[in-house]
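A.B. asks: Output the structure for:
(one chain, ligands or ions: 1)
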Amino acid sequence: MKELSNVVQQIKPSGIRKFFDLASTMEGVISLGVGEPDFDTPWHICENAIYSMSNGKTHYTANRGLLELRKVICEFHRIRYGQNYDPEKETLITVGGSEAIDLAMRALINPGDEIIVMDPNYVAYEPSIQLAGGTVVRIRLKEENDFKLLPEDLKAAITPKTKAIMLNFPSNPTGGVMTYEDYEKIVPIIKESDIYVISDEIYAELSFDQEFASLAQFPEIRDQVIVINGFSKAFAMTGWRLGYALANKEVSGAMTKIHQYVIMSAPTAAQYAGIEAMMHGIDDVLKMKNDYLNRRNLLVNRLNRMGFKTNCPHGTFYVFPNIQRTGMTSDEFCSKLLEEELVACVPGTAFGDSGEGFIRISYAYSLDHIKQALDRMEHFIQNHPLKDID
Ligand code: PMP
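C.D. replies: Next up, the predicted model:
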């Protein structure tokens, strides 16, 4: 048989999946691995989808998605995040944030263009850059800087070939955030270099200790920013596959062109669910967020007390503890923890080389579940005492 695409062959399988395939073959495993809310979608949201289907809304929608949904999204973003977009020309409803990431890359990249990503970063970014023919350039984020992007590091990474920077704050996997003041320092660099920003804001609603900030709030670079968001995390709607992109009309038009050929339109029932979520779902979001916050506090306290240096994540539902005191690599640590204590976490290296020495723990699990896993981790370090390192 003829060979498959070289680009596809070069792409590594996701480091998250690899681990979970192993865990799923074992009995009694407690997982802290999956980045998906443990809550079911609030029922009133489901009902709106059911109602739409019972009324014959079972057809394609406009390529960009239902105008009514686009309008409520733009209103939501105006009120909650101070971002202003035109529902007709600057808004595109996609199949999850995942599709929007892929479309953004394909709409922007010419062969050889450089796209800057944070290291560690969400597992889908680098493959989507490679598939679109781009070159990945990484900026190492450091624990001592709370995993924020520093202006000097951004400046150093930009070359004449840079087309865009891919950002994700609050961040999967680190839980790091950028405040408005942090962004103020990088806005002039973005303006001057004229690069695009693809801003994956899927965890915007899960910002705990500060108001969510976005580069799209700065008028001087607003047209350079592509905002990606979705319903999966905030509204516990992963299975509905609903997301969206907000961008200036040229970029949005280019993304819509690709979308119309590969997708046509996002699932219609999901779009009706999305309307209800944005119009009446905010109380549900706040309730879930409060639960995540309690879980975060428990995890950060207990992990630090155990001796794992753990920065407090100011957003998302992940913590990113430092496991260097075990003397093990991230992979060894996760493998041994799984084998000996039946607890599944994700090695930090699944998110890039800078993740070495860290693991990602998800707290999209009940408090009881998390407590049990922490008890097992405590037992684990009794058998593998932590070393002193400076
Ligand atoms: N971005 C980030 C940072 C994520 O963590 C995820 C889901 N794990 C996505 C995008 C994709 O989400 P979805 O396609 O479900 O909207």
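A.B. asks: in stretch 312-328, what's buried?
C.D. replies: For stretch 312-328, the buried set under the neighbour-count rule, 16 or more other CB atoms under 10 Å, comprises 313-326, 328. Bear in mind the C-beta positions are built from the backbone N, C-alpha and C, glycine included.
A.B. asks: And it, how far out from the chain middle?
C.D. replies: Remark: stretch 312-328 is offset 17 Å from the chain centroid, using CA atoms, centre = their mean, to the nearest Å.
A.B. asks: and the end-to-end length of that stretch?
C.D. replies: Terminal residues of stretch 312-328 lie 23 Å apart, using CA to CA, to the nearest Å.
A.B. asks: Does the ligand have contacts with it?
C.D. replies: No. Using CB under 6 Å from any ligand atom, stretch 312-328 stays clear of the ligand, with a minimum separation of 7.9 Å.
A.B. asks: quick check: mean pLDDT across stretch 320-338?
C.D. replies: Taken as a whole, stretch 320-338 carries a mean pLDDT of 96.
A.B. asks: Centre of the chain to stretch 248-265, how far?
C.D. replies: With CA atoms, centre = their mean, you get 22 Å for stretch 248-265.
A.B. asks: Can you name the residues in contact with that stretch?
C.D. replies: Residues outside stretch 248-265 that contact it (CB atoms under 8 Å, 6 or more residues apart in numbering): 60-65, 86, 89-95, 99-100, 103-104, 106-108, 196, 222-223, 226, 245-247.
A.B. asks: now with 7 Å?
C.D. replies: 60-65, 89-92, 94-95, 99, 103-104, 106-107, 223, 226, 245, 247 (CB atoms under 7 Å, 6 or more residues apart in numbering).
A.B. asks: my read is residue 198 is in a strand, agree?
C.D. replies: Yes. Under DSSP: H, G, I helix; E, B strand; the rest coil, residue 198 falls within a strand.
A.B. asks: What residues are bridge-paired with it?
C.D. replies: Counting by DSSP bridges, residue 198 is bridged to residue 166, residue 226.
A.B. asks: That one - how many residues pack around it?
C.D. replies: Look at residue 198: counted by other CB atoms under 10 Å, it has 28 neighbours.
A.B. asks: Residue 253 too?
C.D. replies: Residue 253, neighbours per other CB under 10 Å, totals 15.
A.B. asks: what does residue 297 give?
C.D. replies: The local packing of residue 297 (other CB under 10 Å) involves 13 other residues.
A.B. asks: Helix or strand for it, just tell me which one.
C.D. replies: Using DSSP states H and E, residue 297 sits in helix 282-306.
A.B. asks: Next SSE downstream of that helix?
C.D. replies: Helix 282-306 is succeeded, C-terminally, by strand 318-319 (DSSP H and E).
A.B. asks: Against which helices or strands is the helix or strand that comes right after that following strand packed?
C.D. replies: Toward the C-terminal end, the helix or strand that comes next after strand 318-319 (DSSP H and E) is helix 330-341. In terms of contacts (3 or more CB pairs under 7 Å, 6 or more residues apart in numbering; DSSP states H and E), helix 330-341 is packed against strand 346-347, strand 359-362, helix 367-383.
A.B. asks: I figured residue 338 hits residue 21, correct?
C.D. replies: No. With contact defined as CB atoms under 7 Å, residue 338 does not reach residue 21; the gap is 11.8 Å.
A.B. asks: Could you check which of these two is surrounded by more residues?
C.D. replies: residue 338 (20 against 10).
A.B. asks: List the residues that contact the more buried one.
C.D. replies: By CB under 7 Å, 6+ apart, residue 338 lies in contact with 23, 344.
A.B. asks: what's the burial count for the residue in the chain that the ligand sits nearest to?
C.D. replies: At 2.6 Å from the ligand, residue 96 is the closest residue in the chain, using CB to the nearest ligand atom. Counted with other CB under 10 Å, residues neighbouring residue 96 total 23.
A.B. asks: Return the set of buried residues in stretch 78-93.
C.D. replies: Going by neighbour count (16+ other CB under 10 Å), the buried part of stretch 78-93 is 81, 83, 85, 87, 89, 90, 91, 92, 93.
A.B. asks: what about dumping the CA coordinates of that stretch to CSV?
C.D. replies: Taking C-alpha atoms only, stretch 78-93 is exported to CSV below (Å, rounded to 0.1, in the frame of the first residue of the first chain):
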residue,chain,number,x,y,z
ARG,A,78,-19.7,41.9,25.9
ILE,A,79,-21.2,41.8,29.4
ARG,A,80,-18.9,39.3,31.1
TYR,A,81,-15.6,39.9,29.4
GLY,A,82,-15.8,43.3,27.8
GLN,A,83,-15.2,41.9,24.3
ASN,A,84,-17.2,43.3,21.4
TYR,A,85,-17.9,41.2,18.3
ASP,A,86,-20.4,41.4,15.5
PRO,A,87,-22.7,38.3,15.5
GLU,A,88,-23.1,38.4,11.7
LYS,A,89,-19.5,38.8,10.4
GLU,A,90,-17.2,38.1,13.3
THR,A,91,-18.7,35.0,15.0
LEU,A,92,-18.5,31.3,14.0
ILE,A,93,-20.1,28.4,15.8
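A.B. asks: List of residues touching it?
C.D. replies: The contact list for stretch 78-93 (CB under 7 Å, 6+ apart) reads 64-65, 67, 69-71, 73-74, 77, 204, 212, 214, 216-217, 227, 244-249, 252, 255-256, 259, 266, 271.
A.B. asks: again with stretch 155-162
C.D. replies: By CB under 7 Å, 6+ apart, the residues outside stretch 155-162 that reach it are 112, 113, 114, 116, 137, 139, 189, 193, 195.
A.B. asks: Write out the residues of the stretch 1-150 of the chain neighbouring the ligand.
C.D. replies: Counting by CB under 6 Å from any ligand atom, the residues of the stretch 1-150 of the chain close to the ligand are 35, 96, 97, 98, 122.
A.B. asks: How about the contacts made by the second one?
C.D. replies: For residue 96, the contacting residues are 230, 232, 241, 242, 243, taking CB under 7 Å, 6+ apart as the criterion.
A.B. asks: which of the residues you listed come close to the ligand?
C.D. replies: Answer for the contacts of residue 96 near the ligand (CB under 6 Å from any ligand atom): 230, 232, 243.
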